[in-house]
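Q: Pasting the sequence and the predicted coordinates here, then a few questions.
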Amino acid sequence: MLNVNNVSVFFGGKAIFENVSFQIQTKDRIGLIGKNGAGKTTLLKLIAQINTPDNGSIDYPQQYKLGILTQDLNIDTSKTVKEIAYQAFRRVIEINEELEKLNTELSSREDYETLAYEDLLNKINEYYEQLNLLGGNNIEGDIEKILKGLGFLQSDFEKPLSSFSGGWQMRAEMAKILLSKPDLLILDEPTNHLDIESIIWLEEYFKSYNGAILMVSHDKTFLDNTTNRTIELVFGRAIDFKLPYSKFIVQREDIYQKQMATFKNQQKQIEQQEKFIEKFKAKATKARQAQSKLKMLNKIERVEIDEFDTTGLNIRFPDAPRSGDVTLHGQKLEKTYSNKTVFKDGLIYIERGEKIAFVGKNGMGKSTLVKMIMDEIPYSGELKIGHNVNIGYFAQQHDKLESDKTVFDTIYDEATDEWTNVGKVRGLLGAFLFGDEAVEKKVKVLSGGERARLAMAKLLLKPYNLLILDEPTNHLDIHAKELLKNALIKFNGTLIIVSHDRDFLQGLTSKTYEFKNGKIKEHLGVIQDFLDKYALDQFRGLEEKNIPAKTKSEKHHKTDLNLNIDRRQLKKDINKLEKSIEKYENQLKDLKAEMMDPDFYKHPEMSDIIKREKELNISLEKDMIEWDEKTILLEKLDE
């Protein structure tokens, strides 16, 4: 059991948090939440023994092992991915080296009856026991499992980390920490650089993890799926409930409402008592009674109401100017870096007012396509921006912010006539939580979250009818994300959003483009529809990879299955579906060619053609799912 005892941290004479106390026990899965600046990362670093508290203490059990993943990496990028992973087994490697020496010595000894020989045997046994406890019996298998789970390919294992982006370097560091199997995993925003597939894998991994986990995350779905306890840092103190995030919020609100009702009732009683005292304290006949009531009033234990931080971003995007019916249309899109093709034969078609999600593993081309749309990189194929489309772009890195400018000048220098008033600019920045002092900060000293808020504020300066947001939630707290999501729901233009945050996308987007294995695939429906299908596909994939040897009863079941299913009819159905799919694909191809005509917008049947294209896509998706299911069933029958 780890004990945090009355810990306080002060900065510039002000308390970041004060007298925070709680315990962490084995199997605890704690989500540490709070607004940006509440001290979450500071508390993680105290528990990880990177920093020390100004007051209070943290007590650890003997031989307690900590593992921490922070946002500020200090990693040797000259090492390969596999070498970084091997660092988790440093002690295992040392023990194996010692054992090799001792076993070599043992083979040359013949003094079997001596105490020295017995001591040597005991030492070897102790090392083997340590090896067993450290779980070093299958290093290669463990490394492969974790690295692949976090999205690395087998071919990536021997590559130096310097050849990967910062996000992938973070994954390698996470792999090392997971492989070291600490008693307490301390994770600061572990999902920030993970795609949806890796996040889902990590959720499953945490279910069987033997130690405790303490994490800061702004991903509500991830918190709900992985935690059993929530600690919120608010106004310098900690609120602790043994509940995952969503249940914690409901419970917290319920407690607040009860506190408020009790508080109002007590205030009413106090007000009545005070009126009586004030009215009769000067009257001889009532003075004693008034004095008695005053004493009782002074003894009352006043009801306190928990304080919750309700300040937040005030976001409303300007009304979108009207554009053409088709916002964006691309076909035969291809992008190649050196000898690697990111994707090819890509097709994308977005109409005015649609809200689109780009999802898929990192490196599959989501941000690449965004850069192609923004004409930042060369590419092959046709990509047409619709009539009167004006793009507002939120880049993942915010590298277009000028580092030597102040926060105020960043906005003021680009302000349109509507925003040239100093008071209005300060008001806009205040809505994005930049107070009087913060507006004079230079961009280069801003935190990741502050830079993200500033870049988002710039999008409100001008009216856009296409917003392209590349990972906009990475540095926003949960409350800020909800406010941004609500603003985007109300936005009456077209939206393309690259994100791995399932909760943020749900209810916001109505179509998903999946980037996978060099292809761009369109999925109609909300993000949950896509995830449900993804989960089914993953299950099938696991089924195909890990089919165990069939037992006698399973073979008997397969015989029963054969009896109940007409294989010839199944083959006919598959053949029929293949022809149907081909027909739909050809019809869509013809429609797309017609829609690419520069005069298509003048076509009298334009609306009917667009409607027909949608219907064909739905029919195609339905047939492909059915073909997939029946093909897998036939394969099972043929095993």
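A: That came through fine.
Q: Which per-residue confidence value corresponds to Ile200?
A: You'll see Ile200 listed with a pLDDT of 88.
Q: Over to Met595?
A: Looking at Met595, its pLDDT reads 66.
Q: Over to Asp470?
A: Listed pLDDT for Asp470 reads 91.
Q: for Ala457, same thing?
A: 85.
Q: nearest spatial neighbour of it, skipping sequence neighbours?
A: Phe432 (4.6 Å; C-beta to C-beta, 6 or more residues apart in numbering). For the C-beta atoms, the positions are set from N, CA and C on the backbone; glycine is no exception.
Q: hang on, the one you found packs against Met456?
A: Yes: using C-beta atoms under 8 Å, Phe432 is in contact with Met456, at 6.9 Å.
Q: what touches both of those two?
A: Ile315 (C-beta atoms under 8 Å, 6 or more residues apart in numbering).
Q: Ile618 sits in which helix or strand?
A: Using DSSP states H and E, Ile618 falls within helix 606-638.
Q: List the buried residues of that helix.
A: Neighbour counts over helix 606-638 (16 or more other C-beta atoms under 10 Å) mark Ile610, Glu613, Leu616, Asn617, Ser619, Leu620, Glu621, Asp623, Met624, Trp627, Leu633 as buried.
Q: got the contact list for Ile58?
A: Counting by C-beta under 8 Å, 6+ apart, Ile58 touches Leu2, Asn3, Val4, Asn5, Val7, Leu46, Ile47, Gln49.
Q: Which pLDDT does the model give it?
A: 96.
Q: Whichever strand or helix holds it pairs with which strands, parallel or anti?
A: Using DSSP H and E, Ile58 sits within strand 55-59. Strand 55-59 pairs in its sheet with strand 2-11 (antiparallel), by DSSP bridges.
Q: Please name every helix or strand in contact with the helix or strand following the partner strand.
A: Helices and strands here follow DSSP H and E; after strand 2-11, the next one along the chain is strand 14-24. Strand 14-24 sits against strand 2-11, helix 40-47, strand 55-59, strand 229-234, strand 237-241, with contacts defined as 3 or more C-beta pairs under 8 Å, 6 or more residues apart in numbering; DSSP states H and E.
Q: Out of the ones you listed, which gets nearest to Ile489?
A: Nearest to Ile489, of all the helices and strands packed on strand 14-24, is strand 229-234, at 25.6 Å by C-beta to C-beta.
Q: Identify all contacting residues around that closest one.
A: So strand 229-234 is in contact with 17, 20, 22, 28-35, 38-40, 43, 223, 238-245, 248, 252, 307-309, going by C-beta under 8 Å, 6+ apart.
Q: Restricting to C-alpha, output the strand holding Ile58 in PDB.
A: C-alpha atoms of strand 55-59 as PDB (Å, rounded to 0.1, in the frame of the first residue of the first chain):
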ATOM      1  CA  ASN A  55       4.900  19.700   2.700                       C
ATOM      2  CA  GLY A  56       3.700  16.200   3.600                       C
ATOM      3  CA  SER A  57       5.200  12.900   2.600                       C
ATOM      4  CA  ILE A  58       4.700   9.800   0.500                       C
ATOM      5  CA  ASP A  59       5.300   6.400   2.000                       C
END
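Q: in that strand, what's buried?
A: For strand 55-59, by 16+ other C-beta under 10 Å, it's Gly56, Ile58.
Q: Off-centre distance for it?
A: Here the centre of strand 55-59 is set off from its chain's centre by 31 Å, with C-alpha atoms, centre = their mean, to the nearest Å.
Q: relative to helix 40-47, how tilted is that strand?
A: Orientation of strand 55-59 against helix 40-47 (axes from the mean of the first three to the mean of the last three C-alpha atoms, to 10 degrees) gives an angle of 60 degrees.
Q: Restricting the selection to alpha carbons, write the helix or strand that strand 55-59 is followed by to CSV.
A: Using DSSP H and E, the helix or strand that follows strand 55-59 in sequence is strand 66-69. Extracted in CSV, the C-alpha atoms of strand 66-69 (Å, rounded to 0.1, in the frame of the first residue of the first chain):
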residue,chain,number,x,y,z
LEU,A,66,7.5,2.3,-10.0
GLY,A,67,7.1,2.9,-13.8
ILE,A,68,6.3,6.3,-15.2
LEU,A,69,5.4,7.6,-18.6
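Q: partners of strand 66-69, with directions?
A: Here strand 66-69 has these sheet partners by DSSP bridges: strand 184-188 (parallel).
Q: orientation of the strand it pairs with relative to strand 14-24 in degrees?
A: Going by the same axes, to 10 degrees, strand 184-188 makes 150 degrees with strand 14-24.
Q: State the mean pLDDT of strand 184-188.
A: pLDDT averaged over strand 184-188 gives 94.
Q: What is the burial count for the residue nearest to Ala457?
A: 23 (other C-beta atoms under 10 Å).
Q: do the same with the one 5 residues further on
A: For Glu437, the count of nearby residues is 7 (other C-beta under 10 Å).
Q: now it: how far from Leu383?
A: Computed as C-beta to C-beta, to the nearest Å, the Glu437 to Leu383 distance reads 44 Å.
Q: give me phi/psi at Met215?
A: phi -140, psi 150 (degrees, to the nearest 10).
Q: which residues does it bridge with?
A: Counting by DSSP bridges, Met215 forms beta bridges with Gly31, Leu187.
Q: Does it touch Asp28 like I think?
A: No: counting by C-beta under 8 Å, Asp28 is not a contact partner of Met215; they are 11.0 Å apart.
Q: ok so, going back, show the contacting residues for the residue nearest to Ala457.
A: By C-beta under 8 Å, 6+ apart, the neighbours of Phe432 are Leu313, Ile315, Arg453, Leu454, Met456, Ala457.
Q: The fourth one reaches Val443, doesn't it?
A: Yes: counting by C-beta under 8 Å, Leu454 sits close enough to Val443 to count as a contact (7.1 Å).
Q: Thank you, goodbye.
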